[in-house]
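Q: coordinates only, sequence not included:
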């Protein structure tokens, strides 16, 4: 299942990247968060401004770093971003913010070891950069090194004992380690420090709903209200409602998920399952599973369930074709084997 990703555009945009102006090549950097924020939705304008500045000062590491960040976050162009950031580093190998952006580039390219090393290099140049250390803790966690992730987060707490993101990441580490009790405490601490923090609210919603705790729905509703654009959150709330037997409400949330993300295959599948098993609306179920196959042609569960729907409609020849198709792709798919035996009997 998809999940809310902790490394993304929002974090990059909130990062106070620095730059040098064209009159000062000393790399004593200015805060340029404003121009980064202005770039959202008008990246062509920002790029034009940066391109003009770089014509006058083509080796300015700050300007190159800013443009690399624009390429990465707004244009989704990791290769052009990498070209600029490598040039910035070649001009000034001691520019810590360039390594931070380099880490983002490597992350987007799926080169997580290089991502980690770039962050460590940035910290070697500026050990007091809390934001970079938090990122390093995230990367350790994402590659499964929970021990080093927690060690970095402990160092972060020494700098800032009231940072909600630190407690959120500690909670996520604990969740991944199977320590749900501590995870809840850390997520709750994060929410107490920032009541509008989506990620810990969402995680509390997931954990509590899995425990059949009524607070789960409250936190899922809160998360959905804080991030109405998140298909993942709405989908998770739909699953909670489906589990509770609130099938009509679940379908509404699945449909809302698909408005946000028309390729969210799991939402089509779950609607199809409700239509097949709970509502006995076999034609609607077939339509939904067909939607699944449009996005994921190899989804054997969808193929099998179409067979189930045809079998329920007493259309045994059609059911037989779908069951056989499943077994052609996966000969040991036991449900399809049982279904064929049932039809033959």
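A: All right, it came through fine. The structure presented is a predicted model; accordingly, all values stated were derived computationally and were not measured.

Q: show me where the stretch 1-150 of the chain has strands.
A: For the stretch 1-150 of the chain, the strands defined by DSSP state E, counting those that start in this stretch occupy 18-19, 30-31.

Q: The stretch 51-200 of the chain: helices as residue ranges?
A: For the stretch 51-200 of the chain, the helices defined by DSSP state H, counting those that start in this stretch cover 61-73, 78-91, 96-108, 112-125, 130-142, 146-159, 164-176, 180-193, 198-210.

Q: Ok, which of these comes nearest residue 49?
A: With CB to CB as the criterion, residue 49 lies closest to helix 61-73 of the helices of the stretch 51-200 of the chain, at 9.6 Å. The C-beta positions use only the backbone N, C-alpha and C, and glycine is treated the same way.

Q: what about that closest one, distance to the chain center?
A: 23 Å (CA atoms, centre = their mean, to the nearest Å).

Q: what packs against it?
A: Judged by 3 or more CB pairs under 8 Å, 6 or more residues apart in numbering; DSSP states H and E, the packing partners of helix 61-73 are helix 9-14, strand 18-19, helix 33-39, helix 43-56, helix 78-91, helix 96-108.

Q: at 6 Å instead, please
A: In terms of contacts (3 or more CB pairs under 6 Å, 6 or more residues apart in numbering; DSSP states H and E), helix 61-73 is packed against strand 18-19, helix 43-56, helix 78-91, helix 96-108.

Q: Tell me which of the helices of the stretch 51-200 of the chain lies nearest to residue 283.
A: Counting by CB to CB, and looking across all of those, nearest comes helix 198-210 at 31.2 Å.

Q: May I ask which helix or strand of the chain has the lowest mean pLDDT?
A: strand 18-19 (a mean of 34; mean pLDDT, DSSP states H and E).

Q: for the stretch 201-345 of the chain, what spans make up the helices?
A: Applying DSSP H, counting those that start in this stretch to the stretch 201-345 of the chain gives helices spanning 215-226, 231-243, 247-260, 265-273, 282-295, 300-312, 316-329, 334-344.

Q: export these to TSV and tack on distance to residue 63 and mean pLDDT?
A: Supplementary listing: these in TSV, determined by distance: least, CB to CB, whole Å; pLDDT from 0 to 100:
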stretch	distance to residue 63	mean pLDDT
helix 215-226	35	97
helix 231-243	36	97
helix 247-260	36	98
helix 265-273	42	98
helix 282-295	41	98
helix 300-312	50	98
helix 316-329	53	97
helix 334-344	60	94
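
Q: okay if I get those helices as JSON lines plus mean neighbour count and distance to residue 50?
A: Supplementary listing: the helices of the stretch 201-345 of the chain in JSON lines, determined by neighbours: other CB atoms under 10 Å; distance: least, CB to CB, whole Å:
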{"stretch": "helix 215-226", "mean neighbour count": "19", "distance to residue 50": "33"}
{"stretch": "helix 231-243", "mean neighbour count": "22", "distance to residue 50": "33"}
{"stretch": "helix 247-260", "mean neighbour count": "18", "distance to residue 50": "32"}
{"stretch": "helix 265-273", "mean neighbour count": "23", "distance to residue 50": "39"}
{"stretch": "helix 282-295", "mean neighbour count": "19", "distance to residue 50": "38"}
{"stretch": "helix 300-312", "mean neighbour count": "22", "distance to residue 50": "47"}
{"stretch": "helix 316-329", "mean neighbour count": "17", "distance to residue 50": "50"}
{"stretch": "helix 334-344", "mean neighbour count": "14", "distance to residue 50": "57"}
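
Q: Alright, that wraps it up for me.
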